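Asker: A predicted structure for the sequence below; I have some questions about it.
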Amino acid sequence: MNVGIDQISFHVPNFYVDMVDLANARNVDPNKFLIGIGQEKMAVNPKSQDIITFATNAAKQILTDDDLNKIDLIIVGTESSIDESKAAAVVLHRLLDIQPFARSFEVKEACYAGTAGLQMALNHVRLHPDKKALVIATDIAKYGLNSGGEPTQGAGAVAILVAANPKILVIHEESLALTQDIYDFWRPTNQAYPLVDGPLSNETYIQSFNQVWNTYNQQFNQQISDYQALLFHIPYTKMGKKALQSVLPTADQITQERLLQHYEDSIQYSRQVGNLYTGSLYLGLISLLENSQDLKTTQKIGLFSYGSGAVAEFFTASLVNGYQEHLHHSLHQNLLNERKRLSIEEYEKMFEDSLDVNVDQEFSDTYPYSIQSIHNTIRQYRK
Ligand code: CAA
């Protein structure tokens, strides 16, 4: 039976920083950010918008009444939890009006958590094909003002509806995961920003990709020319390109051109929003599907998921005939185009204005599903 992605969409906050402005403010050559890192804009959120706000907006766009009755599993992948105990998925279950008899929980393993959730959801629907599962990858990537990771920040969510006989993408059962206990990027409990060894994180990412790529292709008898596109976790757009370039010399000229072109299609949205952590690989998938004109239903797409710490996974998927009719291209273009550009002064002020849930307060932000108030540490969202 075919199981996979029936619907997919993303949401980002309505503010951004232009990377040229940031480079100028930090006395850095703008080409370092534009070319060396590969980012043009970076999504930024006010304190009244959080991972629930992004997740609810992303999911609302794709769910019908029939879906709300059939979903019995809601998984949130995040490394920006708002609670050490209660899962964000439980709050989403209520905000989205999903029928009550459902499992709702949150999973964590850095940027890999969205894939962990997706694989669980696929297996659930393979066992129960009359049901559907909702997977949401939602995060705020923050490294701190003037930090090395600052140009690789971002915020937003991707929502994925998993179903039998999906309308967009069939995900194949063969996959290969890899676990290595490495401290390349981590965030001890109660620490606002992650600790990161930048060079080690880049190195571990590429090394992990090479391991799962080579072993997957050996185990399942695949070669590079079998793929029409390779999608990567995108912490910044140059990173995935480096991983792709590490295997391109093994391909013929036509395959190299095809993979490079499709990589460019897959990073169009990430260039404009930055790192979504758990959502980045799936933002790349949406970008590829919405911006490529020559994708085929007969040839595989490979997906590389990476979460620091580190867990990686390589798996494959095939497009479904007519998938284009189920995308939300203009909605996503409008979302990106209608954002407000912040001056660096406004960005720094927004960045440092952090949320204190121990102070009861009301918010004037009228953005859909933004935080309306906090009482007794509990966030109420604007419905
Ligand atoms: N014009 C063009 N390119 C320029 C340039 C200029 N004027 N100046 C510098 N560059 C290039 C450099 O040559 C370099 O390119 P290569 O990597 O191809 O050599 C690139 O710009 C970056 O320069 P640096 O390596 O000097 O950058 P940096 O030391 O400031 O740090 C970083 C870069 C390590 C990515 C840092 O931003 C960081 O720590 N980010 C967070 C960690 C991260 O994203 N790691 C990725 C793997 S981990 C992961 O994927 C999980 C996750 O989501 C966090």
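Answerer: Looks like it arrived, so ask away. Please read these numbers as outputs of a predicted model, since none were measured by experiment.
Asker: what residues does the stretch 201-350 of the chain put near the ligand?
Answerer: Residues of the stretch 201-350 of the chain lying close to the ligand (CB under 6 Å from any ligand atom) are 201-202, 205, 233, 235-236, 239, 275, 277, 306, 308. Quick note: C-beta positions are derived from backbone N, CA and C, even for glycine.
Asker: Low-confidence stretches in the chain?
Answerer: Nowhere does the chain drop to pLDDT under 70.
Asker: Provide the secondary structure category for the residue most central in space within it.
Answerer: Nearest residue to the geometric centre of the chain (CA atoms, centre = their mean): Gly279, 0.9 Å. Of the three states, Gly279 takes helix according to DSSP: H, G, I helix; E, B strand; the rest coil.
Asker: Check Gly156 too.
Answerer: Criterion first, three-state DSSP; result for Gly156: strand.
Asker: That one and Thr278, how far apart?
Answerer: Going from Gly156 to Thr278 by CB to CB, to the nearest Å gives 10 Å.
Asker: Common neighbours of these two, please.
Answerer: 138-139 (CB atoms under 8 Å, 6 or more residues apart in numbering).
Asker: quick one: which of the two has more around it?
Answerer: Taking other CB atoms under 10 Å, Gly156 and Thr278 do not tie; Thr278 has more neighbours (35 against 32).
Asker: quick one on the thing from earlier: looking at the residues of the stretch 201-350 of the chain next to the ligand, which one is closest to Leu96?
Answerer: Tyr277 (21.5 Å; CB to CB).
Asker: That closest one contacts Lys108, correct?
Answerer: No - assessed by CB atoms under 8 Å, Tyr277 is found out of contact with Lys108, at 10.8 Å.
Asker: Find residues that contact each of the two.
Answerer: Shared contacts of Tyr277 and Lys108 (CB under 8 Å, 6+ apart): 78-79.
Asker: Give me the more crowded residue out of those two.
Answerer: Using other CB under 10 Å as the criterion, Tyr277 and Lys108 rank with Tyr277 on top: 30 against 15.
Asker: For that one, which residues are in contact?
Answerer: By CB under 8 Å, 6+ apart, the neighbours of Tyr277 are 78-80, 110-111, 137, 139, 141, 154.
Asker: I'd like the distance between the residue nearest to Arg26 when sequence neighbours are not counted and Tyr236.
Answerer: Distances taken as CB to CB, 6 or more residues apart in numbering place Asn146 nearest to Arg26, at 6.8 Å, with adjacent residues excluded. To Tyr236, Asn146 is 17 Å away according to CB to CB.
Asker: which of the two has more neighbours?
Answerer: Ranked by neighbour count (other CB under 10 Å), Asn146 and Tyr236 place Tyr236 first, with 25 against 9.
Asker: So that one is in contact with Gly274, correct?
Answerer: Yes - if you go by CB under 8 Å, Tyr236 and Gly274 touch, sitting 7.4 Å apart.
Asker: Now for the two: what residues contact both?
Answerer: 39, 152.
Asker: any idea where the strands of the stretch 1-150 of the chain begin and end?
Answerer: Taking DSSP state E, counting those that start in this stretch as the criterion, the stretch 1-150 of the chain contains strands spanning 3-11, 15-18, 41-44, 71-77, 103-107, 132-141.
Asker: out of those strands, deepest packed?
Answerer: Across the strands of the stretch 1-150 of the chain, the average number of neighbours (mean count of other CB atoms under 10 Å) peaks for strand 132-141, which reaches a mean of 29.
Asker: Walk me through which strands that one pairs with, and which way each runs.
Answerer: Paired neighbours of strand 132-141 in the sheet (DSSP bridges): strand 71-77 (parallel), strand 154-164 (antiparallel).
Asker: Just the CA atoms of the longest one, as PDB, please.
Answerer: So the one you mean is strand 154-164. Only the C-alpha atoms of strand 154-164 are listed here, as PDB (Å, rounded to 0.1, in the frame of the first residue of the first chain):
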ATOM      1  CA  GLY A 154      15.200  31.700  11.400                       C
ATOM      2  CA  ALA A 155      11.800  30.700  12.600                       C
ATOM      3  CA  GLY A 156       8.700  28.800  11.300                       C
ATOM      4  CA  ALA A 157       6.800  25.600  10.900                       C
ATOM      5  CA  VAL A 158       6.000  22.900   8.300                       C
ATOM      6  CA  ALA A 159       2.800  20.900   8.600                       C
ATOM      7  CA  ILE A 160       2.500  17.500   6.900                       C
ATOM      8  CA  LEU A 161      -0.600  15.400   6.600                       C
ATOM      9  CA  VAL A 162       0.200  11.700   6.200                       C
ATOM     10  CA  ALA A 163      -2.300   9.400   4.600                       C
ATOM     11  CA  ALA A 164      -2.700   6.200   2.500                       C
END
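Asker: Next, the angle from that strand to strand 3-11.
Answerer: 150 degrees (axes from the mean of the first three to the mean of the last three CA atoms, to 10 degrees).
Asker: so does strand 154-164 get close to the ligand?
Answerer: No - on the criterion CB under 6 Å from any ligand atom, strand 154-164 is out of touch with the ligand, staying 9.4 Å away.
Asker: Moving C-terminal from that strand, which element do we reach first?
Answerer: strand 169-179 (DSSP states H and E).
Asker: Which residue would be the closest one in the stretch 101-250 of the chain to the ligand?
Answerer: Residue nearest to the ligand within the stretch 101-250 of the chain (CB to the nearest ligand atom): Gly198, separated by 2.7 Å.
Asker: tally of neighbours for the nearest residue to that residue once chain neighbours are set aside?
Answerer: In this structure, Gly198 finds its nearest non-sequential neighbour in Gly148, 5.5 Å apart by CB to CB, 6+ apart. Look at Gly148: counted by other CB under 10 Å, it has 11 neighbours.
Asker: Show the residue spans covered by the strands in the stretch 151-300 of the chain.
Answerer: Using DSSP E, counting those that start in this stretch, strands in the stretch 151-300 of the chain cover 154-164, 169-179, 185-186, 195-196, 227-232, 300-307.
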